[in-house]
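Student: below is the sequence, then the predicted model.
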Amino acid sequence: MASQTPAIQAKHIHKTYGKGPSAYEALKNIDLNIQKGEAIAILGKSGSGKSTLMHLLAGLDKPTTGEIKFNGRPLAKLNERDMARFRNQNVGFIFQQFFLQPTLTVLENVVLPLKIAGATQPERQAKAKAALEKVGLLEWANHRATDLSGGQKQRAAIARALVTSPEIIFADEPTGNLDSETGRQVIKLLFDLQRTEGITLVVVTHDSDLAKLCNRQIHIADGRLVP
Amino acid sequence: MKFLDYVNDAQVNLRRSKLRTGLTISALIIGTFTLSLTTAFTQGIRAYLNTQLHSYGQPNVFNIRVGATKTQTSTSGVPVYQPGRQATSGSAGDAKGPVYTLNAGDLSTIKSVNGITGAYPDYSNLNINYIELGSGQKYVFSTQASVPGESTSLSAGAFPADGQAGIVLPYPYVQALGATNPQDLIGKTVTLHIANPKGSPKDFAVTVTGILPDTAHQPDAFLDYKTMGDMIAYQTGSQGQYTDIVALADPHVTSTQRGAIKSTLQAKGYNVMDYDDIIKNFSKPLAVITLGLAGFAGIALLAAMIGIVNTLLMAVFERVQEIGLLKAMGMRRRGIFLQFLIEAASIGFWGGVIGVALGQLLGRIANPILIKTVFSGFPGKQILSFPATYMIGIIALGTVIGLLAGAFPAWRASRLDPIEALRRE
């Protein structure tokens, strides 16, 4: 395991917002390796910089200085097209607010990443249905996303993150909008899938129960990693 | 994403806020509707004018008068007398004051011009007292000379052949002279009664060879030029003096050939009025009207365009989170741009389609009414005509307006930072 290239290598990451005297340093000299198949929790208070770190690791934003490598390839070298493809093919996202499109059906929501990839109709249908089956929502496929309960919504979002078979899934406070019982069920599903599919999972949370389920926890405070 | 996905998504997104989409499209419809009616109207009027103008002239006919260079004006400005020419009032046409008549010499000069196949005298000063069929009711009557080569389509019969005596009557005389069908009058002999100040009045018997079409504008009758010359000679005592000469070219003469013939005639000192001049006289005001109406439509479209920009900017603002999500899931900037651009183009497209459809609908309702009233006698079935190419053009214009209007909001959307977009609650 140790001899393998890590899924993500972050070296000397700095992220500064703004310029001059009003500049704000959100991340200070972060070094982090995430191994393939690992589940890692990034813990920290709100404003600690944990979401910023996740955005950088997921290629949604670029560090001010420092380097992030995905499977040994520096993300900074990707152009706009390749970066978009990277997010589409290699990464899945789960958000606290679910971000399901209310006007679309559950199936249409799950299809979105495949649609962006330009997949054929049969491929879209087959993969989306398979993903919905994994999260136990197949019978809800043709319902509007708004018909779902909170827990079901997050399961649909998990199906959407899984549908392109990404190597890594980023989950930003996945239980933040759920009651504790529903949250536990969603977390169980997420970790089951992580193990069976061999996905690398990065969870950003301030929920210590959730963090305990991960292989490793890193703490972040004021933009620095806390040992 | 596949192109069809973009088009499909645009329709779905437009349906998300039906009222807003509807209002934006209706602003555009006002423009495209006006434009389609303007086109329809212009097309119809042009077709109408063409049928009407055929009683004035055909493409291969030249009307010739003596031009300024042949006039040899004296220093006083009054033309000097030339033996063999008289003067007529030049109030008709572009000349004012006395204008020389033409004679047999002019006739042969004009005949010698390359491209001219025939030249015939034309008269304008014959006063006929009345026309009569048998011993029926007498009617007032006016006629112009008929020369070979007339190509107006008649409702019955034909123009008199070269050298044949005959007359073509305007349509209303069919009923006036007691016939039910135009065909009934063909071959009948009518009497034209003229007075002579020095002698006794005289009846000229002429065979009816044709009946003009039923047009709104009622033209003169056409009397063969030889009979007309005889009648004028009897009435005025002057022989071989013509107000105009009508010259003919090949019926298939091209516009370029017409131009060449015209300039040769002008070089020989004649004033020439041909079909192009007639069409030009009528087309100019029509073009001005068209341009004016199209201008109004253009203003409406411009206003609609601003409406589309506004609608799209609102849509971008509302869907910031969605844009962020799509970007996070790997949609490119170009994809976001296209999504909004195609949405705007769809507004334009539907605005065009509905505007054109409404125009057609109005045309269907208005055409029978217009033809019964203002444009009675129009041979076709529609005054407002909607040629497919123009209508497709208007729909295309609507779509282009949508594209232009959508470019800025789409660009704004494509530039959104996905993190900022996702952070917003």
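Tutor: Structure received.
Student: other residues contacting stretch A:31-39?
Tutor: A:1, A:4, A:6-13, A:40, A:53, A:57, A:167-168, A:191, A:194, A:198-203, A:213-216, A:218, A:225 (C-beta atoms under 8 Å, 6 or more residues apart in numbering or on different chains). C-beta here means a position set from N, CA and C on the backbone, and glycine is covered the same way.
Student: tell me which element A:N33 falls in.
Tutor: strand A:24-34 (DSSP states H and E).
Student: any idea of the mean pLDDT in that strand?
Tutor: For strand A:24-34, mean pLDDT rounds to 92.
Student: restrict the contacts of stretch A:31-39 to contacts with chain B.
Tutor: Checking these against chain B by C-beta under 8 Å from any C-beta of the partner chain, not one of them is in range.
Student: just the element for the nearest residue to B:V7 once chain neighbours are set aside, please.
Tutor: Excluding the flanking residues, the one nearest B:V7 by C-beta to C-beta, 6 or more residues apart in numbering or on different chains is B:I342, at 6.0 Å. In this structure, B:I342 is located in helix B:333-372 according to DSSP H and E.
Student: chain center to that helix: distance?
Tutor: How far helix B:333-372 lies from its chain's middle: 26 Å, per C-alpha atoms, centre = their mean, to the nearest Å.
Student: list the helices and strands that helix packs on?
Tutor: For helix B:333-372, the packing partners by 3 or more C-beta pairs under 8 Å, 6 or more residues apart in numbering or on different chains; DSSP states H and E come out as helix B:3-16, helix B:18-53, helix B:275-318, helix B:320-328, helix B:388-414.
Student: of all the residues in that helix, which ones are buried?
Tutor: For helix B:333-372, the neighbour count (16 or more other C-beta atoms under 10 Å in any protein chain shown) marks B:333, B:335-360, B:363, B:366-367, B:370-371 as buried.
Student: number of residues surrounding residue 221?
Tutor: Just going to use chain A. Neighbour count for A:A221, taken as other C-beta atoms under 10 Å in any protein chain shown: 14.
Student: please go with chain B instead
Tutor: So B:A221, with other C-beta under 10 Å, has 23 neighbours.
Student: quick check: bridge partners of it?
Tutor: B:T143 (DSSP bridges).
Student: if I pick it, what's in contact with it?
Tutor: Counting by C-beta under 8 Å, 6+ apart, B:A221 touches B:F141, B:S142, B:T143, B:Q144, B:I167, B:V168, B:L169, B:P170, B:Y173, B:L212.
Student: can you tell me which of these is closest to A:R87?
Tutor: B:L212 (78.6 Å; C-beta to C-beta).
Student: quick one on the thing from earlier: does the residue nearest to B:V7 touch B:D5 like I think?
Tutor: No - with contacts counted by C-beta atoms under 8 Å, B:I342 stays clear of B:D5, the gap being 9.9 Å.
Student: quick check: which of the contacts of B:A221 has the minimum pLDDT.
Tutor: Ranking those by pLDDT, B:Q144 lands last with 83.
Student: residue ranges in chain B under the pLDDT threshold?
Tutor: Residues of chain B meeting the criterion pLDDT under 70: B:51-57, B:67-77, B:88-98, B:151, B:216-217, B:376-381, B:424-425.
Student: most proximal residue of it with respect to chain A?
Tutor: The minimum distance from chain B to chain A, using C-beta to the nearest C-beta, falls at B:G330 (2.4 Å).
Student: residues in contact with that residue?
Tutor: For B:G330, the contacting residues are A:A84, A:R85, A:F86, A:R87, A:N88, A:Q89, A:P113, A:I116, A:A117, by C-beta under 8 Å, 6+ apart.
Student: now the buried members of those residues.
Tutor: A:A84, A:R85, A:F86, A:R87, A:N88, A:P113, A:I116, A:A117.
Student: ok, of those, which one's closest to B:L286?
Tutor: Using C-beta to C-beta, the buried ones among the contacts of B:G330 come closest to B:L286 at A:I116, 53.3 Å.
Student: for that closest one, give me the pLDDT.
Tutor: 94.
Student: can you confirm whether the host helix or strand of it lies near chain B?
Tutor: Assigned by DSSP H and E, A:I116 belongs to helix A:106-117. Yes - Helix A:106-117 is in contact with chain B by C-beta under 8 Å from any C-beta, via A:L112, A:P113, A:K115, A:I116, A:A117.
Student: tell me the angle that helix makes with helix B:333-372.
Tutor: Counting by axes from the mean of the first three to the mean of the last three C-alpha atoms, to 10 degrees, helix A:106-117 lies at 100 degrees to helix B:333-372.
Student: mind saving the C-alpha coords of helix A:106-117 as CSV?
Tutor: Taking C-alpha atoms only, helix A:106-117 is exported to CSV below (Å, rounded to 0.1, in the frame of the first residue of the first chain):
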residue,chain,number,x,y,z
VAL,A,106,-34.6,11.4,-9.4
LEU,A,107,-33.3,9.5,-12.5
GLU,A,108,-32.6,12.7,-14.4
ASN,A,109,-30.7,14.1,-11.5
VAL,A,110,-28.5,11.0,-11.3
VAL,A,111,-28.0,11.0,-15.1
LEU,A,112,-26.6,14.6,-15.1
PRO,A,113,-22.8,13.7,-14.9
LEU,A,114,-23.3,11.1,-17.7
LYS,A,115,-25.1,13.7,-19.7
ILE,A,116,-22.3,16.2,-19.2
ALA,A,117,-19.8,13.5,-20.3
